[in-house]
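Trainee: I would like to see how this sequence folds:
(one chain, ligands or ions: 1)
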Amino acid sequence: MSKGNIGVSSENIFPIIKKFLYSDHEIFLRELVSNAVDASQKLKTLSSVGEFKGEIGDLKVKIAIDPKEKTLTISDRGVGMTAEEIEKYINQIAFSGAEEFLDKYKTDAHAIIGHFGLGFYSSFMVAKKVEIHTLSHKEGAQAVKWSCDGSPEYTIDEIKKEDRGTDIVLYIDDENKQFLEKAEITRLLNKYCRFLPIEVTFGKKTEWKDGKEVELEEDNVVNDTNPLWTRKPADLKDEDYKKFYRDLYPMSEDPIFNIHLNVDYPFNLTGVLYFPKIKNNVEVQKNKIQLYSNQVFITDSVENIVPEFLTLLHGVLDSPDIPLNVSRSYLQSDGNVKKISNHITKKVADRLAEIFKEDRKGFEEKWDSLKLFIEYGKLTEEKFYDKAQKFALLKNTDGKYFTLDEYKEIIKENQTDKDKQLVYLYTTNATEQHSFIQGAKDKGYDVLEMDGQLDTHFINHLEQKLEKTRFVRVDADVVEKLIPKEDTIESKLTAGDKDDLTQVFSAKVPNSDKMNFIVAFEAMGASANPAMITQQEFMRRMKEMSAMQGGGMNFYGEMPDSYQLVVNENHPLVERILAEKKEKVGEQTDSLRSKIESLNKKRSEIEKAKEGKKEEEIPQAQKDELSDLDKKISELNDKKTKILSAFSMDNKLVSQLIDLALLSNNMLKGEALTKFVKRSIDLI
Ligand SMILES: Nc1ncnc2c1ncn2[C@@H]1O[C@H](COP(=O)(O)OP(=O)(O)OP(=O)(O)O)[C@@H](O)[C@H]1O
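Mentor: Prediction:
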């Protein structure tokens with residue numbers, strides 16, 4: 001027997017392990033099982049190069065719990081260790097500046113474990129005593145037992161051990177009793193060891209018989225040693241990929257398609273990524289990629305390893321070259337990681353381009369599911385944006401798909417405005433904006449469907465990227481003005497008529513603290529609707545953006561929705577309202593207008609006389625006259641407004657036109673709708 005002190009320069013490593021690694025203590029199992037797997041693989045390698053001449057036999061790694069002894073044992077039939085090797089690999093944990101380091105990585109257990117090769121020592125997070133029983137594969141080796149109770153003291157004894165390999169026996173401490181439970185160990189093996197390359201067994205297979213679970217003879221193997229991503233794509237069928245996906249995400253719908261990655265230069269990376277069917281909420285879909293290092297599960301948060309938009313994908317990545325055991329901030333600056341991330345982006349883009357080229361129809365069918373993902377990529381990764389030009393699609397309201405280049409060709413002729421800007425018309429809701437879409441189509445325009453979660457951002461982005469291009473929502477203005485051209489239609493109304501009718505309509509628009517209407521007049525064709533409601537593009541976008549960014553304290557978010565009620569100057573019904581107005585209140589309003597006009601004339605004469613004079617040079621009489629005039633004008637105006645409002649209130653046609661405009665925007669609700677129905681019946 002020999003005794004000694006573990007070679008740590010810091011006084012005692014065990015309190016440190018317990019204290020700092022506490023939060024993540026379940027990873028001890030991963031560390032120990034992967035050591036066992038490594039030892040088994042080493043033996044295979046030695047055998048294949050002829051350095052080990054014995055029988056390899058069964059290399060299964062066995063996990064066993066003994067609730068009575070309160071032990072958890074991990075056994076392998078790998079290379080084993082001699083007493084010298086224990087001294088070298090276990091006892092000498094060359095460890096300097098431990099505290100300083102721990103200070104830096106206080107909460108990051110992975111960092112400490114990886115950095116210092118503390119894999120084996122992580123067992124002390126859960127055990128009060130640990131034993132290693134081991135027999136080296138070397139000829140004539142003596143089996144030894146190493147034992148340590150959590151103080152820096154250990155013992156080594158010679159023992160009898162028939163079988164080659166190592167048993168690690170953990171005497172689980174009282175705070176960690178869950179690691180003596182079958183369910184917990186099963187969970188951990190499933191999480192960390194599911195795809196290890198050497199078979200791992202835990203207990204026996206079971207079967208349900210007569211309502212009872214009975215143990216069978218056969219070992220219960222917990223892992224798939226040959227997972228899909230380690231196999232050659234040529235040997236795999238679509239069904240294999242789907243099955244693997246279902247194994248990984250049992251509750252999910254089948255994916256849209258997959259990408260099998262296989263890189264060996266300049267870094268090692270294998271994996272299979274799936275495009276999931278993305279439903280609405282992007283956040284929920286994230287972090288479904290599992291990261292492995294040589295088939296050992298490491299983490300399922302891959303944010304810094306793959307570009308942001310690719311975190312929407314599902315699947316598995318496996319690379320021994322990703323420095324898995326260092327802190328997240330380090331990952332971001334790691335050159336290898338950057339390369340891997342770029343490479344994955346490129347592969348994903350290439351694969352999409354390939355599918356697009358091979359089977360455009362199939363690609364179009366999948367587009368609605370792919371769109372969110374591709375737009376996300378285009379918005380966030382410049383390189384992806386460039387590559388995606390080839391396959392990113394726009395969909396119009398007829399369900400046809402175009403690449404950006406194709407679409408440009410189609411609309412160039414009809415949708416270029418007088419300033420040579422190309423105008424892309426779009427709808428965010430084809431049902432609600434139906435009458436506008438119809439109007440645009442009647443004019444020979446094409447309308448895109450932009451109803452996705454990211455489309456508002458995407459539109460802004462495209463406007464920045466594309467030259468001389470602007471996106472206009474189809475209800476942003478009356479169709480005549482959506483794409484302003486040189487030719488204008490003549491109006492049938494005089495300025496005075498428009499002025500009066502503005503007041504007539506203003507009196508009835510449903511203004512509130514949530515909605516604000518401005519009445520405007522536009523000379524349109526007689527076949528266009530008499531009145532319609534539009535929403536100015538800029539304000540609407542600002543409001544949408546601020547809603548998306550959340551938080552109530554923003555300027556645009558607090559503003560009421562602002563709409564325009566646009567009245568068609570040339571519509572016969574508008575002419576009729578004008579005629580009725582003239583008949584009922586025309587004399588009064590005309591005389592008021594002429595009074596106001598003559599007062600205004602006087603006013604501008606005085607203003608003219610004042611021009612160029614300093615404030616103190618203006619005679620008081622003049623100032624008084626001006627303010628007197630202002631008062632009179634405003635009184636007359638008020639009077640006129642009152643008369644026109646009263647006229648408006650009695651006029652069913654005005655109400656009807658406004659309500660019809662609201663109705664075609666799906667804005668007529670509740671009491672207003674009931675009133676409209678009743679009035680319509682009366683009118684009929
Ligand atoms: N089951 C085992 N069979 C044979 N040798 C082992 C076994 N477990 C550990 N060892 C030896 O002990 C060494 C130290 O193990 P430890 O887990 O602490 O670090 P590591 O495996 O080298 O690094 P890390 O776990 O951080 O990747 C191993 O490199 C190996 O030589």
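Trainee: Tell me the buried residues in the host helix or strand of S562?
Mentor: Element membership for S562, per DSSP states H and E: strand 561-568. Judged by neighbour count (16 or more other C-beta atoms under 10 Å), strand 561-568 contains these buried residues: 563-568. The way it works is simple: take the backbone N, C-alpha and C, and place the C-beta from them, glycine included.
Trainee: Same check on stretch 304-316?
Mentor: By neighbour count with 16+ other C-beta under 10 Å, stretch 304-316 contains the buried residues 304-307, 309-316.
Trainee: Same check on stretch 267-278?
Mentor: Buried residues in stretch 267-278, counting neighbours by 16+ other C-beta under 10 Å, are found at 267-276, 278.
Trainee: how much space between L673 and R473?
Mentor: As for L673, its distance to R473 is 24 Å (criterion: C-beta to C-beta, to the nearest Å).
Trainee: Counting neighbours, go ahead and name the busier of the two.
Mentor: Set L673 next to R473 and count neighbours by other C-beta atoms under 10 Å: R473 wins out with 25 against 14.
Trainee: which ones are touching that one?
Mentor: Under the criterion of C-beta atoms under 8 Å, 6 or more residues apart in numbering, the contact partners of R473 comprise 425-428, 433, 535, 537, 540.
Trainee: Kindly list the main-chain dihedrals of it?
Mentor: phi -70, psi 140 (degrees, to the nearest 10).
Trainee: for the closest residue to E215 other than its chain neighbours, helix, strand, or coil?
Mentor: Residue nearest to E215 in three dimensions, not counting chain neighbours: K204, with 4.5 Å by C-beta to C-beta, 6 or more residues apart in numbering. Classification of K204 into helix, strand or coil gives strand, according to DSSP: H, G, I helix; E, B strand; the rest coil.
Trainee: Could you check how many residues crowd around K204?
Mentor: K204 has 13 neighbours, counted by other C-beta under 10 Å.
Trainee: Run through the bridge partners of it.
Mentor: Note on K204: beta-bridge partners D219, judged by DSSP bridges.
Trainee: Is it in contact with N220, as I believe?
Mentor: Yes. Look at K204 against N220 with C-beta atoms under 8 Å: they come within range, at 5.6 Å.
Trainee: quick revisit: and the strand holding S562, what does it pack onto?
Mentor: If you count contacts as 3 or more C-beta pairs under 8 Å, 6 or more residues apart in numbering; DSSP states H and E, strand 561-568 packs onto helix 495-506, strand 515-522, strand 531-535, helix 537-549, helix 652-664.
Trainee: ok, and the closest non-adjacent residue to the residue of the chain found nearest the ligand?
Mentor: Scanning the chain for the residue nearest the ligand gives G119, at 2.2 Å (criterion: C-beta to the nearest ligand atom). Beyond its immediate neighbours in the sequence, the residue positioned closest to G119 (C-beta to C-beta, 6+ apart) is E31, lying 4.0 Å away.
Trainee: could you give the mean pLDDT of the helix or strand hosting that neighbour?
Mentor: Taking DSSP H and E as the criterion, the element that holds E31 is helix 27-48. Along helix 27-48, the predicted confidence averages to a pLDDT of 93.
Trainee: Near Y154, how many other residues are there?
Mentor: 21.
Trainee: and it, what are its bridge partners?
Mentor: The partner residues for Y154, given DSSP bridges, come to G4, C148.
Trainee: how does the protein divide into domains?
Mentor: The record's domain parsing of the chain by automatic domain parsing lists 2-221, 228-370, 392-482, 495-533+563-610+622-683.
Trainee: Of these, which is nearest Y376?
Mentor: Each of these has some distance to Y376 by C-beta to C-beta; the shortest is domain 228-370, at 4.2 Å.
Trainee: Regarding the closest one, how distant is the last residue from the first?
Mentor: In terms of C-alpha to C-alpha, to the nearest Å, the two terminal residues of domain 228-370 are separated by 24 Å.
Trainee: got it, and stretch 507-514?
Mentor: With C-alpha to C-alpha as the measure, what separates the two termini of stretch 507-514 is 17 Å.
Trainee: Buried residues, that stretch. List them.
Mentor: 507-509.
Trainee: Same question for stretch 429-437.
Mentor: Within stretch 429-437, the residues that count as buried by 16+ other C-beta under 10 Å are 433-437.
Trainee: ok, now stretch 241-254?
Mentor: Buried positions in stretch 241-254, judged by neighbour count with 16+ other C-beta under 10 Å: 241, 244-245, 248.
Trainee: Looking at the residues you listed, which is nearest E635?
Mentor: Each of these was scored against E635 by C-beta to C-beta, and Y245 proved nearest at 77.3 Å.
Trainee: Tabulate the buried residues of stretch 241-254 (TSV), appending distance to H457, pLDDT and secondary structure.
Mentor: Converted to TSV, the buried residues of stretch 241-254 look like this (distance: C-beta to C-beta, whole Å; pLDDT from 0 to 100; DSSP: H, G, I helix; E, B strand; the rest coil):
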residue	distance to H457	pLDDT	secondary structure
Y241	32	96	helix
F244	34	96	helix
Y245	29	95	helix
L248	30	92	helix
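Trainee: what about the strands in the stretch 201-350 of the chain?
Mentor: Taking DSSP state E, counting those that start in this stretch as the criterion, the stretch 201-350 of the chain carries its strands at 212-221, 257-263, 269-275, 288-293, 296-299, 314-318.
Trainee: do the stretch 1-150 of the chain as well
Mentor: In order along the chain, the stretch 1-150 of the chain carries the following strands (DSSP E, counting those that start in this stretch): 2-5, 61-66, 71-76, 127-135, 144-148.
Trainee: among the helices and strands packed on strand 561-568, which is the most enclosed?
Mentor: When you average the neighbours per residue for each of the helices and strands packed on strand 561-568 (mean count of other C-beta atoms under 10 Å), strand 531-535 leads with a mean of 23.
Trainee: What lies in contact with it?
Mentor: Residues lying outside strand 531-535 but in contact with it, judged by C-beta under 8 Å, 6+ apart, are 435-436, 473, 475-478, 505, 517, 561-568, 571, 574, 657-658, 660-662, 664-665, 667.
Trainee: strand partners of it, parallel vs antiparallel please.
Mentor: Based on DSSP bridges, the strands next to strand 531-535 in the sheet, each with its direction, are strand 561-568 (antiparallel).
Trainee: Next, the buried residues of whichever helix or strand comes after the strand it pairs with.
Mentor: In the C-terminal direction, the helix or strand that comes right after strand 561-568 (DSSP H and E) is helix 572-610. Residues 573-575, 577-578, 580-581, 585, 589, 592-593, 596, 599, 603, 610 are the ones in helix 572-610 that count as buried (16+ other C-beta under 10 Å).
Trainee: farthest pair in those residues?
Mentor: Maximum pairwise distance among the buried residues of helix 572-610 (C-beta to C-beta): 45.6 Å, between L573 and K610.
Trainee: can you put the buried residues of strand 561-568 in a markdown table and add pLDDT and distance to K44?
Mentor: Putting the buried residues of strand 561-568 into a markdown table (pLDDT from 0 to 100; distance: C-beta to C-beta, whole Å) gives the following:
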| residue | pLDDT | distance to K44 |
| --- | --- | --- |
| Y563 | 91 | 74 |
| Q564 | 92 | 77 |
| L565 | 94 | 80 |
| V566 | 93 | 79 |
| V567 | 94 | 85 |
| N568 | 92 | 84 |
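Trainee: Mind picking the two most distant members of those?
Mentor: Among the buried residues of strand 561-568, the pair separated by the greatest distance (C-beta to C-beta) is Y563 and N568, at 16.2 Å.
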